[in-house]
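> predicted model follows, preceded by the sequence.
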Amino acid sequence: MTLADGYRFARLDDRRRLAQVLRLDAWAFPTEIPIAELLSVEHAIPWGRAWAVEHERAHDGELAAMYGAYSLRAFPVPGAETACGWLTWVGVHPGHRRRGILREMIAHHFADCLERGEAVSGLNAAEAAIYGRFGYGMAAEQVSLTIPRGAELRPVPGADRLGIELAEWDPERHGDLIAALHRDYARVPQGIGRPGWASWETPELRRAADQDPPELHRGQEALRLLVVRDADGAARGYARFRRKSAWSRNTADGSVHVRDAVALDPAAAHRLWSVLLDLDLMARVETGPMPLDAPILSLLVDARAAMPVTNDLQWIRILDLPRALVERRYAAPVDVVIEVTDALLPRNAGRWRLRAEAHGAAEVSRSEAEPDLVLDIRELGAVHLGSVSLAALAQAGLVTARQPETLARAATAWSWPVAAGADWVF
Ligand SMILES: CC(=O)SCCNC(=O)CCNC(=O)[C@H](O)C(C)(C)COP(=O)(O)OP(=O)(O)OC[C@H]1O[C@@H](n2cnc3c(N)ncnc32)[C@H](O)[C@@H]1OP(=O)(O)O
């Protein structure tokens, strides 16, 4: 790793540097909130696994750049969980851009992940054009909705018998319950498992998920909680939301913003959304990111009226190819030789044979055989969560297959029945 002359990496493990971090972040991501106010907010900075790039002539401790990584020990991949270094807090001061600092931070991050035994890295991208060049493939999309109040839902037996509880959000009282429901949802539906459904695993992620600082309300009310309970009182789902009141031509025109909504079964999902869609004085319910097969999309009689907007959500970079490929499960039996290019991590390049049973153990070894599929590490990352199809990438010329049958079999094996995704950006 060679930063340009005058720059050096320095580990950020001292919380007294928070003001410097926030000042750099405000250059990277403009904010109307004064730094003095942001200092009292809980930021999910992975202290100790965050790095500054400093310049020798910096004034006042100003940072030229920074990045951090969350150590996710149980990141869901198809049929399994894996250790993942989640890249975050990436920013380069505008006065130091386009000198290769990001490129060096990426190399630094890859080396750090490999040293920690993380076979994959993931990220949410601020701009979709940045990370493909470093071998990150777009692996999970998200959908967000603006649902008209009172939108009709298809009936689900038993939904009416579920109870609800509405409360002002209190992390002391509700935090553990909500964290458990959110984590358990990774195994829903039907125990198949949802790749990409990361939980608030690290202490800083949990603290940030719990907080609701007034500085970040932006004209909306404080966070509120809806819990759905079964006849025994067991929680089956929750939503955290806030309302914003508005009037248009003397008509109530408020909006409900849903921060997260998780239900462990179909009846709970129906009950949860029925309540959210029937709040007085509100005209619409706006959601944050949700997986493309989120139950609300199937429950809505008229999903088009909910104005779905889709975008890329999660990008995956395979860092240690043989480990990453054996750490996940495959939806169908597969025996295939792939030829991979990897400009940044040449150890991954070359021919590999993958053999796996459907939903069983996989084996990966070096191979001399003619390849069935030829692709770059970026495309292997894109298909890693099972939601992007090898066949789709082949249609765009990004994967080359020797025979259509091999492509069809491999694409089926790499796919997964539940859409990859999450309900937050981190
Ligand atoms: C995971 C996350 O945290 S996402 C958050 C990313 N941060 C932001 O978007 C904040 C605002 N932007 C920035 O801070 C910076 O412009 C960064 C981080 C995007 C780029 O930093 P730089 O140090 O200028 O990038 P660097 O000089 O290393 O460029 C590396 C390559 O990326 C390309 N690149 C840089 N920024 C962008 C961009 N916004 N869109 C497309 N390509 C880009 C460069 O052209 C260069 O390409 P090349 O190597 O093929 O010639």
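Looks like it arrived, so ask away.
> every contact and neighbour count from this point should use C-alpha atoms.
Will do.
> need the nearest residue in space to residue 178, chain neighbours excluded.
Computed as CA to CA, 6 or more residues apart in numbering, the closest residue to residue 178 that is not its neighbour in sequence is residue 238, at 7.1 Å.
> show me what the one you found bridges to in the sheet.
Counting by DSSP bridges, residue 238 is bridged to residue 227, residue 262.
> now residue 366
Taking DSSP bridges as the rule, residue 366 bridges to residue 352.
> before we move on, what about residue 10?
Residue 10 has the following beta-bridge partners by DSSP bridges: residue 52.
> pLDDT score assigned to it?
Note for residue 10: predicted pLDDT of 96.
> and for residue 191?
Looking at residue 191, its pLDDT stands at 74.
> what's around it, how many residues?
A count of neighbours around residue 191, defined by other CA atoms under 10 Å, yields 11.
> doesn't it lie inside a helix?
No: according to DSSP: H, G, I helix; E, B strand; the rest coil, residue 191 belongs to no helix; its state is coil.
> begin at 302, not 1, for the rest of this chat.
Happy to do that; since the first residue is 302 now, the last one works out to residue 492.
> got the contact list for it?
By CA atoms under 8 Å, 6 or more residues apart in numbering, no residues touch residue 492.
> can you map out the helices along the stretch 452-601 of the chain?
With DSSP state H, counting those that start in this stretch as the criterion, the stretch 452-601 of the chain has helices at 472-485, 504-511, 567-577, 596-600.
> determine how far the shortest one lies from the middle of the whole chain.
Spelled out, that is helix 596-600. Helix 596-600 has its C-alpha centroid displaced from the chain centroid by 20 Å (CA atoms, centre = their mean, to the nearest Å).
> would you mark the buried spots in that helix?
For helix 596-600, a neighbour-count test (16 or more other CA atoms under 10 Å) marks 596-598, 600 as buried.
> and which of those residues is nearest residue 544?
In terms of CA to CA, no member of these lies closer to residue 544 than residue 597, at 19.5 Å.
> let me know the pLDDT of that closest one.
pLDDT, residue 597: 98.
> identify the residues contacting it.
Here residue 597 is in contact with 570-571, 574 (CA under 8 Å, 6+ apart).
> how about the residues of this protein near the ligand?
Within reach of the ligand by CA under 6 Å from any ligand atom, the chain has these residues: 329-330, 388-393, 398-404, 424-427, 430-431.
> buried ones among the residues you listed?
Buried members of those, counted by 16+ other CA under 10 Å: 329, 388-393, 402-404, 424-426.
> what does residue 337 show for phi and psi?
Dihedral pair for residue 337: phi -60, psi -40, per degrees, to the nearest 10.
> just give me the neighbour total for it.
Neighbours of residue 337 (other CA under 10 Å): 10.
> closest residue of the stretch 452-601 of the chain to the ligand?
Nearest residue of the stretch 452-601 of the chain to the ligand (CA to the nearest ligand atom) works out as residue 506 at 14.7 Å.
> surely that residue meets residue 348?
No: judged on CA atoms under 8 Å, residue 506 makes no contact with residue 348 at a distance of 11.6 Å.
> distance of residue 417 from the ligand?
To the ligand, residue 417 is 19 Å away according to CA to the nearest ligand atom, to the nearest Å.
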